[in-house]
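Visitor: generate coordinates for the sequence data below:
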Amino acid sequence: MHISHTHSSPHPVVLPAGLLALADEISIDAGDYLTQQYHPAEYIYSLLSGNIEFYIQLGVSGENLSVAASEQSGTIIGWSGLRSPNRYAASVRAAGSCKLLRWKQAEVQAFFQQEPRIAFDFLESVLGTGFDLLQQVRLLLRKSVKRPIAKLNNIYPRFKNRFRLDPDTISTWLQTCDFFEKFSPSSQSMLLDNIFLQRCYSDESVITADEVDDTLYILVNGSVNLYYEPHSANDANGVIFLRSLSSQGQVLNVLSVQHGYRHGLTAIANHDSLFCCLSIEDLRQCALQNPQFGLELQYALLTLLGNQLRSSRAQLINQKYDNEVFNITGILAQAAPQLAVTSSLHKVPHLLDNRLTHGDAFRCLEMSQARGAALEKNLAGLCLDILQETRSEWKFFQGLKQVYQSVADFPADTDTRQVRRHNTAMFRDIFEHVRYRISGEEHLPERPGHIFILNHLVSHPYHILANHFELSLDTNFVSAMILDGKYGDGGIRVVRTGRQDEYAHQNYYSRLGYINVMTDQSHPSAEGQTGKQQLERFIDEAKPHLQQGRNIVICPEGKSLWSDESPGPFKPGAFLLAASMDPEPYIVPVAMANFDHRLRNKQLAAVIKPPFRISEQVDTRDKEALNTFLKQYQTVYRSYVKEAQQLVEVS
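Guide: Got it, this is the predicted structure:
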């Protein structure tokens, strides 16, 4: 009987009579499960005919995610049971009627110990199935990535800077290598005799996607980024980042000893890096000379392959589900049967559940990556890779806290111009570290002294400080990234008067010398001013700033809204201010998008539209005409907001 594994280049494996004698032939119907994830792996199967689907369970929700399918005769099912802790890593269900060979795991493993040469060939078929599963999940990942890399640029070809050192030195380096630990002492000696060293310099390729894997790379020092590009970098779907490796003993790739495959993996050194290397030819010769070594080698390669499958499946979950707690819980759940109950990694989902403890989560992961056991290092590194955007957002949040505290700590008698410059500079610094796009800068007037209006968006709860103060991201963005960049000054903002109990609001805005106005969110004016009196007061306070060549930043809605409601109805104040001036300043519309989202999910956008003079649009002395204009302009502005949203949707 011949069984072909599922890789794109099938290599038949002949099952000897002794192994066939241990098998039962079974039939199952559509919908029947062969394996259940996390359950003890009692059986291992080989598909004879039919179609099967692979699923993984998503954390505590119990939801299943499809990660692969196969109708190839010879597909091996339940092979994760060959590795510790001998449990199924995925659920496998029949998509139609299937026929299979079935073995008891315990009997197969006992047979392998007696017949290691036969085991070596059979496990090569298992590796073929695993490579196919890995290819499928990476293709799913590639389709789901929102921002693939078009092409890897500025990469230098690998220079074969190879040399050897004494085995004792290398053995010291490999003490933390999980792959090396899978071998018996005698087999470790064989590995050490065949290891050579490869040095790669920063931006130099270690592995390229278009070459056949012929060397196993183990990181000694430095750091490496792994990418997936199954065909050419010019492919329409682009290249995707897989993960970064920086811990000593981490293995970059997994290979087949019998057959050379192209797995679409590219590895690039981030810094000057050193690798312990094993050639596929040397490993093959060792396996031929020592069948027990060959058996240990195949088990070690299966462990590597299982780790890569877990990593790619975790990244697929991360792309599909916008919840870092859910995603990290899922990663840890995939490894739960192997992860010690005493591991500090179990704390990470709980620390991620509150933005105020995100820093503690990252410190816990860094500690596990540096000092944990091999599995903890692998999981911590994977979690840190998946949380890259969350970490960038956390750093932004730390910046917001520093902005608030530094402004609030200024003495009350400090010149407000000094505080405003400080505030603008700090916001400019933190916005430079997030993704954003600005369009329409050619519409900015050459000289300052104009009124900039924008649709005001709420801040996502993630960005609200521990004292419940909400720093306005969109208005600060306009001041720091648009006005300060063009005019060297962030302008004067119009802000609402805080309620008496809003101590944080008062501590911050009282230092900045902005124009305060009453809104629906303020307490009733203690002075009992009418709306007309409040408008006159606002105009009287704003005029001198415009006359002195300072820009005014104002949100005509008078309140913040979510994107799907933005902009709300416009109040007339900004337009009446412009009409009261001689010479009349421009009104410069700026449409804002995505400032009400978490920054890890969206790119910020601002679109500057052509400025206009209000006198050219409407006679503001005609109240009815002004109200009609404001209603119509709200509709026009909505199209501006959509333009801003589309600006980053296609980028």
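
Visitor: correct me, but residue 575 touches residue 614?
Guide: Yes: with contact defined as Cβ atoms under 8 Å, residue 575 counts as touching residue 614 (5.0 Å). Every residue, glycine included, has its C-beta placed from N, CA and C.

Visitor: quickly list what's touching both of those two.
Guide: Counting by Cβ atoms under 8 Å, 6 or more residues apart in numbering, the shared contacts of residue 575 and residue 614 are 587, 620.

Visitor: pLDDT weak spots in this structure?
Guide: 1-14, 59-62, 146-160, 231-237, 259-261, 498-502, 519-530, 650-651 (pLDDT under 70).

Visitor: what residues go with each domain of the protein?
Guide: 2-144, 322-386, 392-649 (automatic domain parsing).

Visitor: export those to JSON lines and tack on mean neighbour count?
Guide: Compiled in JSON lines, the domains of the chain are given as follows (neighbours: other Cβ atoms under 10 Å):
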{"stretch": "domain 2-144", "mean neighbour count": "18"}
{"stretch": "domain 322-386", "mean neighbour count": "19"}
{"stretch": "domain 392-649", "mean neighbour count": "18"}
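
Visitor: of all those domains, which one comes closest to residue 222?
Guide: Closest approach to residue 222 among those (Cβ to Cβ): domain 322-386, 14.2 Å.

Visitor: straight-line length of the closest one, end to end?
Guide: Terminal residues of domain 322-386 are spaced 12 Å apart (Cα to Cα, to the nearest Å).

Visitor: residues contacting residue 139?
Guide: residue 230.

Visitor: quick one: it from residue 90, how far?
Guide: 17 Å (Cβ to Cβ, to the nearest Å).

Visitor: cool, residue 387 as well?
Guide: Residue 387 is 24 Å from residue 90, by Cβ to Cβ.

Visitor: likewise for residue 537?
Guide: To residue 90, residue 537 is 68 Å away according to Cβ to Cβ.

Visitor: swap in residue 64?
Guide: Residue 64 is 10 Å from residue 90, by Cβ to Cβ.

Visitor: still on that earlier bit, any chance of the domains of the chain in CSV, plus distance to residue 313?
Guide: Formatted as CSV, the domains of the chain follow (distance: least, Cβ to Cβ, whole Å):
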stretch, distance to residue 313
domain 2-144, 6
domain 322-386, 7
domain 392-649, 21
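
Visitor: residue 214 is nearest to which of the ones you listed?
Guide: It is, among those and with distance given as Cβ to Cβ, domain 2-144, at 15.1 Å.

Visitor: next structured bit after the host helix or strand of residue 422?
Guide: Element membership for residue 422, per DSSP states H and E: helix 416-431. Per DSSP H and E, helix 416-431 leads on to strand 436-439 as the next helix or strand towards the C-terminus.

Visitor: and that following strand, how far out from the chain's middle?
Guide: 21 Å (Cα atoms, centre = their mean, to the nearest Å).

Visitor: neighbouring strands for that strand, and are they parallel or not?
Guide: Strand pairing for strand 436-439, using DSSP bridges, gives strand 604-608 (parallel).

Visitor: what does the strand it pairs with contact?
Guide: Here strand 604-608 has contacts from 431, 434-441, 443-444, 473, 477-478, 481-482, 588-595, 640, 643-645, 647-648, using Cβ under 8 Å, 6+ apart.

Visitor: which residues touch residue 600?
Guide: Listed by Cβ under 8 Å, 6+ apart, the contact partners of residue 600 are 389-390, 392-393.

Visitor: likewise residue 478?
Guide: 452, 454, 491, 553, 590, 592, 606.

Visitor: how about those, which pair is most distant?
Guide: 491 and 592, at 15.4 Å, using Cβ to Cβ across these.

Visitor: residue 620 contacts residue 579, correct?
Guide: Yes: shown here, residue 620 and residue 579 form a contact pair, counting by Cβ under 8 Å, at 4.2 Å.

Visitor: find residues that contact each of those two.
Guide: The overlap between the contact sets of residue 620 and residue 579 (Cβ under 8 Å, 6+ apart) consists of residue 614.

Visitor: residues shared between the contacts of residue 64 and residue 90?
Guide: Common neighbours of residue 64 and residue 90 (Cβ under 8 Å, 6+ apart) are 55-56.

Visitor: give me the nearest residue to residue 419, chain neighbours excluded.
Guide: residue 511 (4.7 Å; Cβ to Cβ, 6 or more residues apart in numbering).

Visitor: what do you get for residue 557?
Guide: Here the residue nearest residue 557, using Cβ to Cβ, 6+ apart, is residue 568, at 4.2 Å.

Visitor: for the one you found, what is the enclosing helix or strand?
Guide: Counting by DSSP H and E, residue 568 is part of no helix or strand.

Visitor: one more: the one 3 residues further on?
Guide: Under the assignment given by DSSP H and E, residue 571 is not contained in any helix or strand.

Visitor: first-to-last residue distance for stretch 604-614?
Guide: Stretch 604-614 has its terminal residues 29 Å apart, counting by Cα to Cα.

Visitor: identify the residues contacting the residue lying closest to residue 33 once chain neighbours are set aside.
Guide: Of all residues not flanking residue 33 in the chain, residue 93 sits nearest, at 5.1 Å (Cβ to Cβ, 6+ apart). When contacts are counted by Cβ under 8 Å, 6+ apart, residue 93 touches 31-34, 52-53, 55.

Visitor: let's see it at 10 Å
Guide: Counting by Cβ atoms under 10 Å, 6 or more residues apart in numbering, residue 93 touches 28, 30-36, 52-55, 64, 66, 69.

Visitor: same question, residue 592
Guide: Here residue 592 is in contact with 454-457, 473-475, 477-478, 555, 563, 566-567, 604-607, 640-641, 644-645 (Cβ under 10 Å, 6+ apart).

Visitor: could you do residue 312 as well?
Guide: 67, 133-141, 228, 242-243, 382.

Visitor: what ranges do the strands span in the stretch 151-300 of the chain?
Guide: Here the stretch 151-300 of the chain has its strands, by DSSP state E, counting those that start in this stretch, at 162-163, 196-200, 205-207, 215-221, 224-228, 240-245, 265-269, 273-279.

Visitor: would you reformat those as a markdown table and include distance to residue 341 and mean neighbour count?
Guide: Shown next, in a markdown table, are the strands of the stretch 151-300 of the chain (distance: least, Cβ to Cβ, whole Å; neighbours: other Cβ atoms under 10 Å):
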| stretch | distance to residue 341 | mean neighbour count |
| --- | --- | --- |
| strand 162-163 | 43 | 10 |
| strand 196-200 | 38 | 19 |
| strand 205-207 | 36 | 21 |
| strand 215-221 | 29 | 21 |
| strand 224-228 | 30 | 21 |
| strand 240-245 | 26 | 20 |
| strand 265-269 | 34 | 23 |
| strand 273-279 | 32 | 20 |
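
Visitor: out of those strands, nearest to residue 180?
Guide: strand 215-221 (7.6 Å).

Visitor: output the closest one as CSV, nothing but the C-alphas.
Guide: C-alpha atoms of strand 215-221 as CSV (Å, rounded to 0.1, in the frame of the first residue of the first chain):
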residue,chain,number,x,y,z
THR,A,215,20.1,24.4,6.4
LEU,A,216,18.6,24.6,9.8
TYR,A,217,19.4,28.0,11.6
ILE,A,218,19.6,28.4,15.4
LEU,A,219,20.0,32.0,16.7
VAL,A,220,23.0,32.5,19.0
ASN,A,221,22.8,36.3,19.2
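
Visitor: and the angle from that strand to strand 273-279?
Guide: Orientation check (axes from the mean of the first three to the mean of the last three Cα atoms, to 10 degrees): strand 215-221 against strand 273-279 gives 150 degrees.
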